[in-house]
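> Sequence unavailable; structure follows:
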């Protein structure tokens, strides 16, 4: 199954669970794409003693998960030089929704 995940928060526990969900989907041989929108483009910088979001993000990328980040959201936060996420557009978000069999939002 193709699963699209749209993450729109940098709240540590929710972001951590979104990537844990993505990683579990990948481990069950599903194709997964994640689109970061709004404050979620700041996920790489989350520092939390319980919910290690960057670790889960890296695990997702190492498992060949596909990650997009809203370019407008990155630019509005002046994070262009601080992100490894590919800068994407709203058209890429639409493609993710069209591509996916199911879309989950966090």
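Yes, it's here. Every value quoted in this text rests on a predicted model; they were computed, and no experiment measured them.
> Mind jotting down where the helices sit in this structure?
12-27, 53-62, 71-76, 90-99 (DSSP state H).
> how far is the longest one from where the chain is centred?
When distances are taken as C-alpha atoms, centre = their mean, to the nearest Å, helix 12-27 is centred 9 Å away from the chain's centroid.
> quick check: angle from that helix to helix 53-62?
Taking axes from the mean of the first three to the mean of the last three C-alpha atoms, to 10 degrees, helix 12-27 and helix 53-62 form an angle of 20 degrees between their directions.
> Please name every helix or strand in contact with helix 12-27.
strand 2-7, strand 31-36, helix 53-62 (3 or more C-beta pairs under 8 Å, 6 or more residues apart in numbering; DSSP states H and E). To be clear about C-beta, it is placed using only N, CA and C from the backbone, and glycine gets the same treatment.
> neighbouring contacts of that helix?
Helix 12-27 has contacts (C-beta atoms under 8 Å, 6 or more residues apart in numbering) with 3, 5, 7, 9, 32, 34, 40, 43, 46, 48, 50-53, 56-57, 59-60, 63-65, 104, 106.
> Buried ones among those?
3, 5, 7, 9, 32, 34, 40, 43, 46, 51-53, 56-57, 59-60, 65, 104, 106 (16 or more other C-beta atoms under 10 Å).
> residues touching the residue lying farthest from the centre of the chain, list them.
No residue in the chain sits farther from the centre than residue 49, which is 20.2 Å out by C-alpha atoms, centre = their mean. Contact analysis of residue 49 by C-beta under 8 Å, 6+ apart lists nothing.
> Please apply the same query to the one 4 residues further on.
Residues touching residue 53, when contacts are defined by C-beta under 8 Å, 6+ apart, comprise 12, 15, 16, 19, 43, 44, 46.
> Out of those, the closest to residue 91 would be?
Nearest to residue 91, judged by C-beta to C-beta, of the contacts of residue 53 is residue 43 at 21.5 Å.
> Roughly how far does that closest one sit from residue 29?
Here residue 43 is placed at a distance of 25 Å from residue 29 (C-beta to C-beta, to the nearest Å).
> Which elements pack onto the least confident helix or strand in the chain by mean pLDDT?
Lowest on mean pLDDT, DSSP states H and E among the helices and strands of the chain sits strand 87-88, with a mean of 90. Applying 3+ C-beta pairs under 8 Å, 6+ apart, one finds that strand 87-88 contacts strand 66-70, helix 71-76.
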